[in-house]
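Student: dropping a prediction and its sequence here:
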Amino acid sequence: MPQRISFVPLETLDEDMQAELRRCAEHGTPRPESSAVRAHAPNAFWAFASSWQSIFREGVCDHAIKELCRVYISRTVTCDFCGNQRSEQGAELGLREMQYDDLLNFETSEVYDDRQKAALRYAQAIAWGEASIADVDGMWRTLGEHFTEPELVELGCFIALTFGQQSWIRLLGIRHHQYLAGTGASMAPGLETPEGYAAAVSSPQYWAATE
């Protein structure tokens, strides 16, 4: 897919935006390519960066839960740009790659606990609607057992934010290692270099492969 919206050159941006893009390159999630597209509209750039900081990296709901929901959304909307990133915080909190691999089969998987499954069911309902959930009232009862109302509000807002952003990013045709290249920060295992990334996305077994 050709890239639909260009990257804004780093040298044309002010110091604060340059610093944020370098942070993206050094620590990722998001990686700098998506932020370099948002830089065309500084108000959108900072609105996203601020929201991402306050409800993904910070907040009342534990970060590992939000990270699993983020990548679940990536898998369900087939946003390979977002789905190929891993949160550094999530790794520090103990998330392992096998917990990313089985997200679309979370209900029957043994790698998630009841709290994680409740959150993923919430993400599924937000992304696909109530009809995707066999027992909506049961979903809410289970959510109430595992999360406070402030946590549910924050988690719901985060899922909605990442669902909308990833649905848009999927259309952009952007790829990794194209902007401020030279770092593999937050990339999924095996995708840290341009060569590894190119080999992975060209494989018939690639998770986002299209016919």
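Tutor: That came through, no problem. Numbering: from 1, shown residues only.

Student: burial of residue 95, as a residue count?
Tutor: Each residue near residue 95 was counted by other Cβ atoms under 10 Å, and the total is 19. (Each C-beta comes from the backbone N, C-alpha and C, glycine too.)

Student: tell me which element it falls in.
Tutor: Under DSSP states H and E, no helix or strand contains residue 95.

Student: now it: closest residue in space that isn't a chain neighbour?
Tutor: The shortest distance from residue 95 to any non-neighbouring residue, by Cβ to Cβ, 6 or more residues apart in numbering, is to residue 64 (5.4 Å).

Student: contacting residues around the helix or strand in which the one you found is found?
Tutor: Assigned by DSSP H and E, residue 64 belongs to helix 63-77. Outside helix 63-77, the residues within contact range by Cβ atoms under 8 Å, 6 or more residues apart in numbering are 55-57, 59, 79-80, 82-83, 86-87, 89-90, 93-95, 99-100, 103-104, 106, 112, 115-116, 119-120, 122-124, 127-128, 155, 158-159, 162-163, 166-167, 170, 207.

Student: let's go with 7 Å and repeat that
Tutor: For helix 63-77, the surrounding residues in contact (Cβ atoms under 7 Å, 6 or more residues apart in numbering) are 56-57, 82-83, 87, 89-90, 93-95, 99-100, 103-104, 116, 119-120, 123, 127, 155, 158-159, 162-163, 166-167, 170.

Student: next: stretch 78-87.
Tutor: 28-29, 31, 34, 67, 71, 74-75, 166, 169-170, 174-176, 186-188, 191, 207-208.

Student: now stretch 158-170
Tutor: For stretch 158-170, the surrounding residues in contact (Cβ under 7 Å, 6+ apart) are 34, 51, 55-56, 66, 69-70, 73-74, 77-79, 81-82, 122-123, 126-127.

Student: next, residue 24: secondary structure please.
Tutor: Put simply, residue 24 is helix when judged by DSSP: H, G, I helix; E, B strand; the rest coil.

Student: so who does it touch?
Tutor: Neighbouring residues of residue 24 by Cβ under 7 Å, 6+ apart: 30, 31, 32, 35.

Student: which of these sits closest to residue 141?
Tutor: Residue 141 lies nearest to residue 30 out of the contacts of residue 24, by Cβ to Cβ, at 34.2 Å.

Student: please determine how far that closest one is located from residue 56.
Tutor: For residue 30, the distance to residue 56 equals 10 Å [Cβ to Cβ, to the nearest Å].

Student: then residue 190?
Tutor: For residue 190, the distance to residue 56 equals 24 Å [Cβ to Cβ].

Student: of those two, which one has the most company?
Tutor: Legend: neighbour count by other Cβ under 10 Å for residue 190 and residue 56, higher for residue 56 (22 against 13).

Student: quick check, residue 102 in contact with residue 111.
Tutor: Yes - Residue 102 is within contact range of residue 111, at 5.6 Å (criterion: Cβ atoms under 7 Å).

Student: show me where the chain has its helices.
Tutor: 15-27, 32-38, 42-52, 63-77, 80-83, 88-92, 97-101, 114-128, 136-146, 149-172, 194-201 (DSSP state H).
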